[in-house]
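J.: Everything below, folded, please.
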Amino acid sequence: RDPMLVVDLEGLLDPKGDPMSLLKWTTKSIRHLHTALQEKGHTVAQTTVRRLLQAHGYTLQANKKEYEGASSPDRDGQFTHIKEACARCEAEGQPIISVDCKKKELLGTFKNNGQEWQPQGRPVPVNVYDFLSLAEGKAIPYGVYDVLRNTGFVNVGQDHDTAAFAVESIRRWWRQHGQAAYPAARELLIVADGGGSNSARGRLWKKELQGLATETGLILRVCHLPPGTSKWNKIEHRLVSYISINWRARPLTCMETV
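T.: Model (predicted):
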């Protein structure tokens, strides 16, 4: 009875996808399409709009992250440089650490994703809302992964993720574990991503590192990963992936310091 209904509906959809594929989709909701059709003078129900969409091969889908932007022209060169630096330190027996600060966590009775064994019908009660005012404090984990020894160290702060905190975490790892494990060390290679407290452009990070180098007598060499490649950092796969899921799971030798 309304020959222009399907034509106007097709015009509103702005279909996306491969034109050679049978599957098409739209990000516009049924309600928005129904309102637009009514404004064009069509008398139609939302159920009819849904039926017409399904009959013409449409599905409602969300956006998909796909475009990463242009890569740095020096990306491959930087990875090659990091690989060569790590190979040289490994051959000479010099320590190599991978560092990163992870997601801050509120302390208190807050909900965590995942499950654990509890008596049936007696789940652990937690707060309904994750308000900062309900927290007893805030935990900021900064990890140090020893590449050669395959051991991890986590320094948990209570204030802010700053360059001073990052270098203090490295200092504590060196005093408590690194110095004894590498008594003949002359230098320390630090692999980090390019942002956050250990940013490649952070002046305070460089200043604090100079203080650590003067204090320990070590030559500190820092290799920053190219932009957008922080997931390639060793600590992401060898340490953080375990403690992010459950703080009780420790396949590595992880130490915590507050």
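J.: CA only for contacts and neighbour counts going forward, please
T.: Fine.
J.: those helices in the protein, which residues are they?
T.: Remark: helices assigned in the chain by DSSP state H are 5-13, 30-39, 46-55, 75-92, 163-173, 179-181, 203-216, 234-235, 241-243.
J.: list the helices and strands the shortest one packs on?
T.: For helix 234-235, the elements it packs on are strand 96-101, strand 137-146, judged by 3 or more C-alpha pairs under 8 Å, 6 or more residues apart in numbering; DSSP states H and E.
J.: And the third one, by the same measure?
T.: Applying 3+ C-alpha pairs under 8 Å, 6+ apart, one finds that helix 46-55 makes contact with helix 30-39.
J.: where in the stretch 101-250 of the chain is pLDDT low?
T.: 244-250 (pLDDT under 70).
J.: Grab the nearest non-local neighbour of Ala185.
T.: Gln94 (5.6 Å; C-alpha to C-alpha, 6 or more residues apart in numbering).
J.: With Gly202 instead?
T.: That would be Ala163: by C-alpha to C-alpha, 6+ apart, it lies 7.9 Å from Gly202.
J.: contacting residues for the one you found?
T.: Contact analysis of Ala163 by C-alpha atoms under 8 Å, 6 or more residues apart in numbering lists 197-198, 202, 204-205, 208.
J.: contacts for stretch 118-125?
T.: Taking C-alpha under 8 Å, 6+ apart as the rule, stretch 118-125 contacts Thr109.
J.: Export stretch 71-83 to CSV, keeping only CA atoms.
T.: The C-alpha trace of stretch 71-83 is given here as CSV (Å, rounded to 0.1, in the frame of the first residue of the first chain):
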residue,chain,number,x,y,z
SER,A,71,52.9,4.1,11.8
SER,A,72,56.0,5.9,12.8
PRO,A,73,58.7,5.7,10.1
ASP,A,74,61.2,4.7,12.7
ARG,A,75,59.1,2.0,14.2
ASP,A,76,61.0,-1.0,12.8
GLY,A,77,64.3,0.7,13.5
GLN,A,78,63.4,1.2,17.1
PHE,A,79,62.4,-2.4,17.6
THR,A,80,65.6,-3.5,16.0
HIS,A,81,67.6,-1.2,18.3
ILE,A,82,65.8,-2.6,21.4
LYS,A,83,66.5,-6.2,20.2
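J.: Can you list the buried residues in it?
T.: 78-79, 82 (16 or more other C-alpha atoms under 10 Å).
J.: Tell me how many other residues crowd the residue nearest to Ala185.
T.: Under the neighbour criterion other C-alpha atoms under 10 Å, Gln94 is assigned a count of 18.
J.: Distance check, it against Ala164.
T.: Here Gln94 is placed at a distance of 24 Å from Ala164 (C-alpha to C-alpha, to the nearest Å).
J.: cool, and Arg88?
T.: On the measure of C-alpha to C-alpha, Arg88 and Ala164 end up 28 Å apart.
J.: related to what we said a few turns ago, of the contacts of Ala163, buried ones?
T.: Buried, going by 16+ other C-alpha under 10 Å: 197-198, 204-205, 208, out of the contacts of Ala163.
J.: wait, which of those is closest to Gln179?
T.: Among the buried ones among the contacts of Ala163, Glu208 lies closest to Gln179 (C-alpha to C-alpha), at 18.8 Å.
J.: what sits against Ser230?
T.: Counted by C-alpha under 8 Å, 6+ apart, Ser230 has contacts 192-194.
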